[in-house]
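# Following is a predicted model, sequence given first.
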Amino acid sequence: MKTIGIIGGMSWESSIEYYRIINVVTREKLGGLHSGKSIMVSVDFAPIEEMQKNNKWGELTDVMVTAAIQLVSGGADFIVIATNTMHKMYEAVQRAVNIPILHIADATAYRVKKQNIQSIGLLGTIFTMEMDFYKKRLIDNFNLNVVVPEKKDRMIVNQIIYEELVLGKIKQESRGEYIRVMKKLVELGAEGVILGCTEISLLVGANDTSVPVFDTTRIHAETAVEIALGEKNL
């Protein structure tokens, strides 16, 4: 079994889910008392959120590279970055280490394509929904049509993530807002919806919309286990 290196803490609410899913899936696959081999570097999210807000992506890259190097030193065989947004610096982090990094968008896109979906809705932070680092990968590498909410709804989705979900606050009115936004994505032609922030699955899931939902946290963690157990190559 390979050792999964996890860059976590963004937020720790979703990092807990990564750890839980990795161990549950490993036990389901191997039985008995088996659990996943993993190490985690968990960062302090407050300064990271401040740097995101102030577009200090160079400094954020340094934080991520440092965490990845720590994982390599700790014996990780490959790395998962337990957040969608920070895949903005995926290429720079990958260049800095000699072990592979499992891209969260790739793992998710393979699941989307398996269901023969061509047009996919995307929810996430404002950075994930508006910048090219995530959408462009889905478009260029997987030939998907990506649908994002209108500007007003993007702001609502982002606000709920940063002011509620990363703090572990689950509000029914916010769940209603996400359901409304997902319904609009379907009306715009989305055949499925990517929950492109690792906290979103704390609020909504497969039962909250009429189309398939792709929970990036679960997909990323499950794919990591498949790689760790040699069921899939990276």
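Perfect, I can see it now.
# What is the burial count for Trp57?
Per other CB atoms under 10 Å, the neighbour tally for Trp57 reads 17. (C-beta placed from N, C-alpha, C; glycine too.)
# That one and His87: what is the separation?
Distance of Trp57 to His87, computed by CB to CB, to the nearest Å: 12 Å.
# Ser73 now?
Ser73 is 22 Å from His87, by CB to CB.
# Just want to know which of the two has more residues nearby.
Per other CB under 10 Å, whichever of Ser73 and His87 has more neighbours is His87, with 22 against 12.
# show me the contacts for the more buried one.
By CB atoms under 8 Å, 6 or more residues apart in numbering, His87 lies in contact with Ile81, His103, Ile104, Ala105, Phe133, Tyr134.
# So which of the residues you listed are in helices?
Secondary structure from DSSP state H places Ile104, Ala105, Phe133, Tyr134 of these in helices.
# Need the max-distance pair from the residues you listed.
Ile104 and Phe133 (11.3 Å; CB to CB).
# quick one: which of these two has more around it?
More neighbours surround Ile104 than the other of Ile104 and Phe133, with 28 against 18 (other CB under 10 Å).
# Next, give phi and psi for the residue nearest the centre of the chain.
Centroid-nearest residue in the chain, with CA atoms, centre = their mean: Asn84, separated by 3.8 Å. Main-chain dihedrals, Asn84, degrees, to the nearest 10: phi -80, psi -50.
# Could you do Val213 as well?
The phi/psi pair for Val213 (degrees, to the nearest 10) is phi -110, psi 140.
# Can you tell me how far it is from Gly196?
Val213 is 11 Å from Gly196, by CB to CB.
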